[in-house]
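# could you look at this predicted model? Sequence included:
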Amino acid sequence: MAGITLTTAILWSLCRSLIVGLLALIPLTTLQTVLSAERNLQRRRLWLLIAMGPFFVPELLTGFHYRLTAASLAAAEAPWVHLVLTELLYGGLLIFRAVAAGMLLQAILPPTSGVSSALHLWGMLQGTTDRWAWWRGWVRLQVTGRWRTLLVSWSLMSLVSFQEFETAALMQIDRHPVTWTVWLFDAQAAMQPLSESWRQCVLPVGLALVLLLPLLLILGDRTGRGSEESRPPVAQQTVRSAALQVSRVYVIVAVLLLVILPLGRSLIPALSGLAWIVNDRRLVLQSVQQVLVSAGFAVTAAVIGLSLCELLRPRGGVIRIGWRELMLTALLLPGLAGPLMLSLTLLNVFQWGVFRWLYDTWLPLLLGQVLFILPRAFALSVFLRNLTQPEATYAGELLRCSGYREIRTTGDSLVWYLRDVRWLLGGLSLTQWCFWDVTVASLLRPVTLEPVVTRLYNEMHFSRTEALLGLSFLAAVTPVILWGLALLLSLAVGTKKGRSID
């Protein structure tokens, strides 16, 4: 990124992320209004699934699809036209991803309790105390009550936008969009000394921690879940209707830009490219090996991440500060700092004398993927537990203890549907995130190992061939196939176990 300094890239990224976080609050609020008014459980889950969907779409594939669009914008005669249009395109893609992350966060945050009562009582004190002291107390109640969810959502959405790398790296025609992650990654790829790269990370990581501060304050909240405050019904039907219309337009545009257009444009060439790869024995062996190695690392990291989150999750209904919480927080912070800072830090660690012998092994890559995925694994595990219906699952467990084979089979199927399916789908989501992350794989992989995502990232900069699309299709479906087999195996094992008990 000649001509652009790191400071300029950081400021540009920070301003963009702050604006994206603010704009994302609009669809986020309307979607929450629709969800709170929706009484049908199936439609509510469908809204939630579509709204969170963009967070699960690989950024590398999104950037690859819109690379040609960015190239056509770069052909504009006026440079400012290219700059504005590229920023609008990139900012729009960031908004979809930010809203999805905000929806996931709001789905796992414990509800506030007693906010309306506290504000009412505080309002009765107006005029009986110092004016500025009363306003400070009022603002504090709002920040820790009604505004808490919006502030924390804005914090996470801004952080997600500030740390984005893959989409910007592939769309970066003629240096726009400018991001600090691409600037620093390119500098490291150009053989910049590791100590200098790590030093240059200090400012952006400090800014990321500032953006993360509201979220950290919520994680340290010791008030616990409490009882959910009854939400008053939406008073005006017009407000509810307006939110419904805005939400419909948003999800249609999001699905169109992130799913329908990429698939419609790439599916047929991808299938043709896959057939071409299969016909080349050498190429198919190389591709399958790279895909399976990448999938093996991703699946292992996902399983370890979910297991750690379950092992260290807070016990009981009240949050307390104990060794579990402190250890979990320590493990979550490296991933929250971003994959670039995480990877550079691990590179420094594994170049120390005591760890030097592990530098060119599989351990740095696996450790980096586990730490990278832990914050998402924690959020996903809490989200899945909120979806779990304890009474129905307990009923299924009781049915599995029956002396009749048919009843045990029914209990196995019920538990499989209510518990096992959801956790396996959660594992698939974590696997896809690990599988498609370019930063950790590029900086921490052993010299003798090339994950398929690094090969795709390098080749996506130069061409859009059928073979490349075919390899992308193979890479995308492999984790799905592996977890699909695990899903079928879990059903078969559970059913066989139930039938074998006499």
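Structure received.
# residues near the closest residue to residue 159 other than its chain neighbours, how many?
Nearest residue to residue 159, sequence neighbours excluded (C-beta to C-beta, 6 or more residues apart in numbering): residue 211, at 4.6 Å. Quick note: C-beta positions are derived from backbone N, CA and C, even for glycine. Using other C-beta atoms under 10 Å, residue 211 has 23 other residues around it.
# state the pLDDT value of residue 211.
pLDDT, the model's per-residue confidence, is 89 for residue 211.
# now do it against residue 64, distance only.
27 Å (C-beta to C-beta, to the nearest Å).
# re the thing from before, for the residue nearest to residue 159, what are its contacts?
By C-beta atoms under 8 Å, 6 or more residues apart in numbering, the residues touching residue 211 are 17, 155, 158, 159, 162.
# how about 6 Å then?
155, 158, 159 (C-beta atoms under 6 Å, 6 or more residues apart in numbering).
# quick check: which element contains it?
helix 202-219 (DSSP states H and E).
# in that helix, which residues are buried?
204, 205, 207, 208, 211, 212, 214, 215, 218 (16 or more other C-beta atoms under 10 Å).
# stretch 334-353 now?
334-347, 350.
# so of the residues you listed, which ones are in helices?
Cross-referencing the buried residues of stretch 334-353 against helices under DSSP state H gives 334, 335, 336, 339, 340, 341, 342, 343, 344, 345, 346, 347.
# count the neighbours of the closest residue to residue 457 other than its chain neighbours for me.
Closest residue in space to residue 457, ignoring its immediate chain neighbours: residue 438 at 4.8 Å, by C-beta to C-beta, 6+ apart. The tally of other residues near residue 438 (other C-beta under 10 Å) stands at 24.
# correct me, but residue 438 touches residue 168?
No: contact criterion C-beta atoms under 6 Å: residue 438 and residue 168 do not qualify, at 11.3 Å.
# before we move on, the earlier item: looking at the contacts of residue 211, state which has the most neighbours.
residue 158 (27 neighbours).
# do you know the pLDDT at that residue?
The model's pLDDT for residue 158 equals 93.
# from here on, count from 49
Fine by me, first position is 49 from now on; the one you just mentioned is residue 206.
# name the element it belongs to?
helix 196-210.
# residues contacting the next helix or strand after that helix, please?
Sequence order places helix 214-219 as the next helix or strand after helix 196-210, per DSSP H and E. The contact list for helix 214-219, computed with C-beta under 6 Å, 6+ apart, reads 107-108, 110-112, 114-115, 118, 141, 225, 227, 230, 486, 508.
# how far does helix 214-219 sit from its chain's centre?
17 Å (C-alpha atoms, centre = their mean, to the nearest Å).
# mind exporting the helix holding residue 206 as PDB, just the C-alpha atoms?
Listed next in PDB are the C-alpha coordinates belonging to helix 196-210 (Å, rounded to 0.1, in the frame of the first residue of the first chain):
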ATOM      1  CA  ARG A 196     -26.800  -1.500  27.800                       C
ATOM      2  CA  THR A 197     -27.800  -3.900  24.900                       C
ATOM      3  CA  LEU A 198     -27.400  -1.200  22.300                       C
ATOM      4  CA  LEU A 199     -24.000  -0.100  23.600                       C
ATOM      5  CA  VAL A 200     -22.700  -3.600  23.800                       C
ATOM      6  CA  SER A 201     -24.000  -4.400  20.400                       C
ATOM      7  CA  TRP A 202     -22.400  -1.300  18.900                       C
ATOM      8  CA  SER A 203     -19.200  -2.200  20.700                       C
ATOM      9  CA  LEU A 204     -19.100  -5.700  19.100                       C
ATOM     10  CA  MET A 205     -20.200  -4.600  15.700                       C
ATOM     11  CA  SER A 206     -17.600  -1.800  15.500                       C
ATOM     12  CA  LEU A 207     -14.900  -4.300  16.700                       C
ATOM     13  CA  VAL A 208     -15.900  -6.900  14.000                       C
ATOM     14  CA  SER A 209     -15.700  -4.200  11.300                       C
ATOM     15  CA  PHE A 210     -12.400  -2.800  12.600                       C
END
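# state the distance from residue 431 to residue 89.
16 Å.
# can you spell out which helices and strands pack onto the helix or strand following the helix holding residue 259?
Moving toward the C-terminus from helix 250-267, the next helix or strand (DSSP H and E) is helix 285-303. Where contact means 3 or more C-beta pairs under 6 Å, 6 or more residues apart in numbering; DSSP states H and E, helix 285-303 is packed against helix 54-85.
# what mean pLDDT does the helix or strand following the helix it packs on have?
Going down the chain from helix 54-85, the next helix or strand is helix 89-100, by DSSP H and E. Throughout helix 89-100, pLDDT has a mean value of 84.
# chain center to helix 89-100, what's the gap?
17 Å.
# for it, packing partners?
helix 54-85, helix 127-156.
# one more time with 10 Å, if that's ok
helix 54-85, helix 127-156, helix 285-303, helix 411-435 (3 or more C-beta pairs under 10 Å, 6 or more residues apart in numbering; DSSP states H and E).
# out of these, flag the one nearest residue 465.
helix 411-435 (12.2 Å; C-beta to C-beta).
# just the CA coordinates for the next helix-or-strand element following the closest one, please, in PDB.
Downstream of helix 411-435, the next assigned helix or strand under DSSP H and E is helix 438-447. Output in PDB follows, covering the C-alpha atoms of helix 438-447 (Å, rounded to 0.1, in the frame of the first residue of the first chain):
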ATOM      1  CA  PRO A 438     -34.600 -28.400  29.500                       C
ATOM      2  CA  GLU A 439     -38.000 -29.900  30.200                       C
ATOM      3  CA  ALA A 440     -38.300 -31.600  26.800                       C
ATOM      4  CA  THR A 441     -34.700 -32.900  26.900                       C
ATOM      5  CA  TYR A 442     -35.300 -34.300  30.400                       C
ATOM      6  CA  ALA A 443     -38.500 -36.000  29.200                       C
ATOM      7  CA  GLY A 444     -36.400 -37.600  26.400                       C
ATOM      8  CA  GLU A 445     -33.800 -38.800  28.900                       C
ATOM      9  CA  LEU A 446     -36.600 -40.400  30.900                       C
ATOM     10  CA  LEU A 447     -38.000 -42.100  27.800                       C
END
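# how far off centre is the helix or strand following helix 438-447?
Next helix or strand after helix 438-447 toward the C-terminus (DSSP H and E): helix 453-463. Its chain's C-alpha centre and that of helix 453-463 lie 35 Å apart, by C-alpha atoms, centre = their mean.
# which parts of the chain belong to which domain?
Annotated domains of the chain cover 49-273+282-312, 328-550 [automatic domain parsing].
# mean pLDDT for these: which is lowest?
Among the domains of the chain, domain 49-273+282-312 scores lowest, at a mean of 80.
# what angle do the helix holding residue 259 and helix 387-397 make?
110 degrees (axes from the mean of the first three to the mean of the last three C-alpha atoms, to 10 degrees).
# what's the spacing between helix 250-267 and its chain's center?
That offset, for helix 250-267, works out to 17 Å (C-alpha atoms, centre = their mean).
# quick one, that helix and helix 54-85 angle?
20 degrees.
# can you show me the CA trace of helix 250-267 as CSV?
C-alpha atoms of helix 250-267 as CSV (Å, rounded to 0.1, in the frame of the first residue of the first chain):
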residue,chain,number,x,y,z
VAL,A,250,0.1,-1.8,19.6
LEU,A,251,-2.0,1.2,18.5
PRO,A,252,-4.8,-0.8,16.6
VAL,A,253,-5.0,-3.4,19.4
GLY,A,254,-5.3,-0.6,21.9
LEU,A,255,-8.2,1.0,19.9
ALA,A,256,-9.8,-2.5,19.6
LEU,A,257,-9.7,-2.8,23.4
VAL,A,258,-11.4,0.6,23.7
LEU,A,259,-14.1,-0.6,21.3
LEU,A,260,-14.4,-3.7,23.4
LEU,A,261,-14.6,-2.0,26.7
PRO,A,262,-18.5,-2.0,27.0
LEU,A,263,-18.5,-5.7,26.2
LEU,A,264,-15.9,-6.4,28.8
LEU,A,265,-17.9,-4.5,31.4
ILE,A,266,-20.9,-6.6,30.7
LEU,A,267,-18.9,-9.8,31.0
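# great, nothing more from me.
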